[in-house]
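Trainee: Return a 3D structure for these sequence lines:
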Amino acid sequence: MPTELPGGLEATPADPTQQNSQAQQGQSAPAPQQTQQSAAQAGQNANAGNANAQQQEVDYVFNFPREEGVDVSYYESSTKALAKELGLSKEAAQKIVDRDVQMRAEGEKRIAAIVEEQKTKWAEQTRADKEVGGQNLESALGSARSVLDRFGTPEFKKEISESGYGNNVELIRLLSRIGKAMKEDGFVQAQAQPRDSRRIADLMYPSMSAQQES
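Mentor: Sure, this is the predicted structure:
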């Protein structure tokens, strides 16, 4: 029978079967906001998966100067690994290579400048030396040249010429003393002046002679 409520209204008891059905529907139906969030998350996961798959397929081919006899395989492999780890495009990876090439060129220029500066310093020390410099320079270089001509290998001569160490006062002093001692002991015969019109200093230490003329 109807139940009387305060205020004179009557309420009919609810059907238990209908209440259970409504409760089940409320529990099973997801909220609209949750559904949208789940769909968005699934889309993000799918995009991330596609991006990873595309990244794995990138074949990095770098463009940079290659020198004969120089192995660059380690540089290429390490740069490719870094590009893949960072997820870089081919263009971005090439920018890294271009930067490395530029930095190497700048480094070589600085090294060359340091070598030239050291050559100049050695030449100045040699010209100012009391034993092998000044008026004794040409004679000292002649004695040193005699030792090099007799005992020096082409590789050694090339090395001291390219490195500029042929201007080093201590090397010139050593070779000059050896040359003089050999002449005094009769091991080295006096050599005629070279037919080349250049001075002996030009033949052995071209960088020193150029600075001396200037």
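
Trainee: just checking, what packs against the lengthiest helix in the chain?
Mentor: For the chain, the longest helix by residue count, based on DSSP state H, is helix 90-128. Under the contact criterion of 3 or more CB pairs under 8 Å, 6 or more residues apart in numbering; DSSP states H and E, helix 90-128 touches helix 73-86, helix 169-184, helix 206-213. Yep, even glycine has a C-beta here, placed from its N, CA and C like the rest.

Trainee: Can you give me the buried ones in the first one?
Mentor: Across helix 73-86, burial judged by 16 or more other CB atoms under 10 Å covers 79, 80, 83.

Trainee: Pull out the buried positions in the helix or strand that residue 143 is a member of.
Mentor: Assessed by DSSP states H and E, residue 143 sits inside helix 137-151. By 16+ other CB under 10 Å, the buried positions in helix 137-151 come out as 137, 140, 141, 142, 143, 144, 145, 146, 147, 148.

Trainee: With stretch 169-183 instead?
Mentor: Of the residues in stretch 169-183, those buried (16+ other CB under 10 Å) are 169, 172, 173, 175, 176, 177, 178, 179, 180, 182.

Trainee: and what of stretch 87-102?
Mentor: Using 16+ other CB under 10 Å as the test for burial, stretch 87-102 gives 88, 93, 94, 97.

Trainee: Can you tell me the SS state at the first one?
Mentor: What that stands for is residue 88. At residue 88, secondary structure determined by DSSP: H, G, I helix; E, B strand; the rest coil is coil.

Trainee: Tell me which residues touch it, please.
Mentor: With contacts defined as CB atoms under 8 Å, 6 or more residues apart in numbering, residue 88 is in contact with residue 96.

Trainee: so how far is residue 104 from it?
Mentor: For residue 88, the distance to residue 104 equals 20 Å [CB to CB, to the nearest Å].

Trainee: Find the nearest non-adjacent residue to residue 83, please.
Mentor: residue 93 (3.9 Å; CB to CB, 6 or more residues apart in numbering).
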